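Student: give me a 3D structure for the following:
(chains A and B)
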Amino acid sequence: MSRTLLQKVWDAHGVRTLPTGQTQLFIGLHLVHEVTSPQAFAMLRDRGWQVQFPERTFATVDHIIPTLDQARPFADTLAEEMMSALERNAKEFGVPLWDLSSPRQGIVHVIGPELGLTQPGLTIACGDSHTSTHGAFGTVAFGIGTSQVRDVLASQCLAIDPLKVRRIDVTGSLARGVYAKDVILEIIRRLGVKGGVGFAYEYGGAVLDGMTMDERMTVCNMSIEGGARVGYVNPDQTTFDYLEGRPFAPAGEAFGRAKAWWASMASDADAAYDDRLEIDGAALAPVVTWGINPGQSIQVGERIPAPGDVEANDRPAVAEALAFMGFEGGAPIAGTKVDVAFIGSCTNSRLTDLREAAQVVATQRISPHVTGLVVPGSQAVAAAAEQEGLDEVFRAAGFEWRRAGCSMCLAMNPDKLEGQQVCASSSNRNFKGRQGSPTGRTLLMSPAMVAAAALAGEVTDVRQLAPAGSTVEVG
Amino acid sequence: MAGGGAQRITRIAGTPVPMRGHDIDTDRIIPARFLRSIRFEGLEAHVFEDDRTALADAGTPHPFDQPQYQGASVLLANANFGCGSSREHAPQALQRWGIQACIAESFSEIFLGNSTALGLPCATATPEAVDQLLRAAEAEPGSAMTLDLEALTVQAGDRVVEVAMAPAVREALLSGTWDATGLLLDQFDDVRAVAAKLPYVTGF
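Tutor: Now for the predicted structure:
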């Protein structure tokens, strides 16, 4: 019988049906970070449990680390306590930890793929909702909370209900200046922030087929913003080429055998889906959020909606968002003054993202009133970007080039908005207070659009900024 | 510990607190700066902190600050409650504040899983039913509401509305197996057998 990738992975990893009716699912890779794990390790200690599969468990530090002065102890004593707790827990329970002294350190959803830990056909869990990122490789990867982190540490399993699968085809090809970020923002805009509850999203079609792994990760990363806990792309030659030679990928003859198994896990051509959506990729334009959730977005040339433009049920949400953002319904989003430009986060901090932004910046200077921040997703991304001279492009333009971490995506470190600052951000959430100031305002967009906003000092259409025939590549 | 061992949860009775609005995300329930801790203790002091401050400044106190909802244990919300970040700190903060049950049009899956793992039942009801409960809570604050997990109903005075829960979640709460680790360790040979058949575990 034909099956989707989700069903194949579920079948391969299902241990048993629990008395409650849930599936006991084996977790092939458990990624651990400093924020959602300390209480889980403490519970293990209290109950006298071990980490059952330390060889399938890896830890790094990303959320709380400063991106400027990383000398220990950290100036923030709470951050230092978390860092120390992770070091102690990793040592006591035999879990490998890539800390700041390791060139492998970085955002957990950046390093898993770049180290080759993330491979097709796996189940992956991490105490972070953006674990869906790993779905770019044809994995079933989901975010969990701390009690479930405890479950996975202690048993390498989760008790979980099966998901339905919605196939989303993005056909055609993207126009110049339109990127993976615009694709996922458009999907969320159409299906809504709760449209994916109960579903895994399977992304495909010519646009996804033609994307690099970095771009596929951007799309899968934000599945959760559409309510889908899991998002994935079927593995193909692009996936295999990315993995070959990575430190934790199989090598030699084993790589050939792995490739055959990975390919066998892709959805069958005639698999049945619970729902389908098709989007014309050629019709897409750069997307910018105007509100306080990632579904409140418009194309850069459109006008911000007024409460009267939407269904009665949605009017209070639009009114609340407009009040918080200080925007008028009916006003254009282009021309909105920005104070901060942030390029980073597990959504858009990989080498491809930095290249796209750097191509827009080229030899120009950012607007004098804009604070620009570029935070690479990992030490490896930083090193590769520096090798290409991208750090110099950003610095020369007036951006700050920082050390790897989550930084201003959620502002658990010193990188925060102040007051009502408006931030053009390549991150994933525009929730109230998300970037560290309770009244701070976030406009989500692609890294290229962030770069364009930094140069202009206001939201601007990157397609107009980049002259025809420039090196801005089609996403 | 064998499967079970946690408290069986069959019925929650208490006064309600209405939290109107769709898509209330976990950053709002507990802002990220309060996650800079290795403990859950004390989170209750910061639940909805930024929303509460903003509403207090505007002179329209947040429900969690209104005197008539103090001591509430049943949280009422609209659609997609608890969306966004997977932080278990959100249901932890609510539970430690005193919330023992949540009733909404819908929940984010991660929030629902986290709440279940804490023995905090989340039941869904139709928008009409939730609206009735919200109106009842606002009209008669301090009147008890009772969530009955066996009957799948909420009783508010003379009103009885039907609610829904995923069967497995309901069963875990009713049977006291919502703390899943014991259950997952119960037949561990089966786990090893599944692992041994996975090519990436055995090195292809």
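
Student: B:Ile30 contacts B:Ala93, doesn't it?
Tutor: Yes. Contact criterion CB atoms under 8 Å: B:Ile30 and B:Ala93 qualify, at 4.5 Å. Placement of C-beta: from N, CA and C, glycine included.

Student: which residues in chain B form helices?
Tutor: Counting by DSSP state H, chain B has helices at residues B:26-29, B:49-57, B:89-97, B:109-117, B:127-139, B:167-175, B:181-185, B:188-197, B:199-202.

Student: mind listing what's buried along the fourth one?
Tutor: Buried residues in helix B:109-117, defined by neighbour count with 16 or more other CB atoms under 10 Å in any protein chain shown: B:Glu109, B:Ile110, B:Phe111, B:Leu112, B:Gly113, B:Asn114, B:Ser115, B:Thr116, B:Ala117.

Student: can you put those residues in TSV and add pLDDT?
Tutor: Output for these, formatted as TSV (pLDDT from 0 to 100):
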residue	pLDDT
B:Glu109	95
B:Ile110	95
B:Phe111	97
B:Leu112	97
B:Gly113	96
B:Asn114	97
B:Ser115	98
B:Thr116	96
B:Ala117	96
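
Student: can you tell me the average pLDDT over stretch B:18-38?
Tutor: Average pLDDT, stretch B:18-38: 97.

Student: gap between that stretch and the chain center?
Tutor: Centroid separation for stretch B:18-38 versus its chain: 13 Å, with CA atoms, centre = their mean, to the nearest Å.

Student: give the buried residues for that stretch.
Tutor: In stretch B:18-38, counting by 16+ other CB under 10 Å, buried: B:18-19, B:21-38.

Student: and the residue of chain A that's closest to chain B?
Tutor: Nearest to chain B in chain A, going by CB to the nearest CB, is A:Gly145, at a distance of 3.2 Å.

Student: surely that residue touches B:Leu120?
Tutor: No. Counting by CB under 8 Å, A:Gly145 stays clear of B:Leu120, with 11.4 Å between them.

Student: report how many residues lie close to the residue of chain A closest to chain B.
Tutor: 31 (other CB atoms under 10 Å in any protein chain shown).

Student: which residues does it contact?
Tutor: A:Thr36, A:Gly127, B:Ser86, B:Arg87, B:Glu88, B:Pro91, B:Ile110, B:Gly113, B:Asn114, B:Ala117 (CB atoms under 8 Å, 6 or more residues apart in numbering or on different chains).

Student: got the contact list for the closest residue to the last one other than its chain neighbours?
Tutor: Spatially, and ignoring its direct neighbours in sequence, B:Ala117 is nearest to A:Ser147 (3.6 Å; CB to CB, 6 or more residues apart in numbering or on different chains). Residues in contact with A:Ser147, defined by CB under 8 Å, 6+ apart, are A:Ala40, A:Met43, B:Glu88, B:Asn114, B:Ala117, B:Leu118, B:Asp179, B:Ala180.

Student: neighbours of the residue nearest to the second one when sequence neighbours are not counted, how many?
Tutor: The shortest distance from A:Met43 to any non-neighbouring residue, by CB to CB, 6+ apart, is to A:Arg150 (4.8 Å). Applying the criterion other CB under 10 Å, we find 27 residues in the vicinity of A:Arg150.

Student: same thing with the one 10 residues further on?
Tutor: Using other CB under 10 Å, A:Ile160 is surrounded by 25 other residues.

Student: and it, bridged to which residues?
Tutor: A:Thr23 (DSSP bridges).

Student: and it, what does it touch?
Tutor: A:Gln22, A:Thr23, A:Leu25, B:Gly113.

Student: follow-up on the earlier one: JSON lines for the contacts of A:Ser147, including distance to A:Trp262?
Tutor: Formatted as JSON lines, those follow (distance: CB to CB, whole Å):
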{"residue": "A:Ala40", "distance to A:Trp262": "30"}
{"residue": "A:Met43", "distance to A:Trp262": "35"}
{"residue": "B:Glu88", "distance to A:Trp262": "32"}
{"residue": "B:Asn114", "distance to A:Trp262": "31"}
{"residue": "B:Ala117", "distance to A:Trp262": "32"}
{"residue": "B:Leu118", "distance to A:Trp262": "37"}
{"residue": "B:Asp179", "distance to A:Trp262": "36"}
{"residue": "B:Ala180", "distance to A:Trp262": "30"}
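
Student: from those, list just the buried residues.
Tutor: Buried among the contacts of A:Ser147 by 16+ other CB under 10 Å: A:Ala40, A:Met43, B:Glu88, B:Asn114, B:Ala117, B:Leu118, B:Asp179, B:Ala180.

Student: what about the stretch 351-475 of chain A, any weak spots by pLDDT?
Tutor: Along the stretch 351-475 of chain A, the parts satisfying pLDDT under 70 run over A:466-475.

Student: actually the stretch 101-250 of chain A, sorry about that
Tutor: In the stretch 101-250 of chain A, no residues with pLDDT under 70.

Student: over to chain B?
Tutor: Scanning chain B for pLDDT under 70 picks out the ranges B:1-5.

Student: swap the cut-off to 50 and go again
Tutor: B:1-4 (pLDDT under 50).

Student: if we can go back for a sec, mind telling me what element the residue nearest to A:Met43 is part of?
Tutor: In this assignment (DSSP states H and E), A:Arg150 forms part of helix A:146-155.

Student: list the contacts of B:Arg36.
Tutor: A:Ile64, A:Asp76, A:Leu78, A:Ala79, A:Met82, A:Met412.

Student: mind running it again at 6 Å?
Tutor: Counting by CB atoms under 6 Å, 6 or more residues apart in numbering or on different chains, B:Arg36 touches A:Leu78.

Student: what count of nearby residues applies to residue 50?
Tutor: All of this is about chain A. So A:Gln50, with other CB under 10 Å, has 12 neighbours.

Student: um, chain B though
Tutor: 19.

Student: look up how far chain A lies from it.
Tutor: B:Asp50 is 4 Å from chain A, where distance means CB to the nearest CB, to the nearest Å.

Student: one step back: what is the most widely separated pair among the buried residues of helix B:109-117?
Tutor: B:Glu109 and B:Ala117 (12.6 Å; CB to CB).
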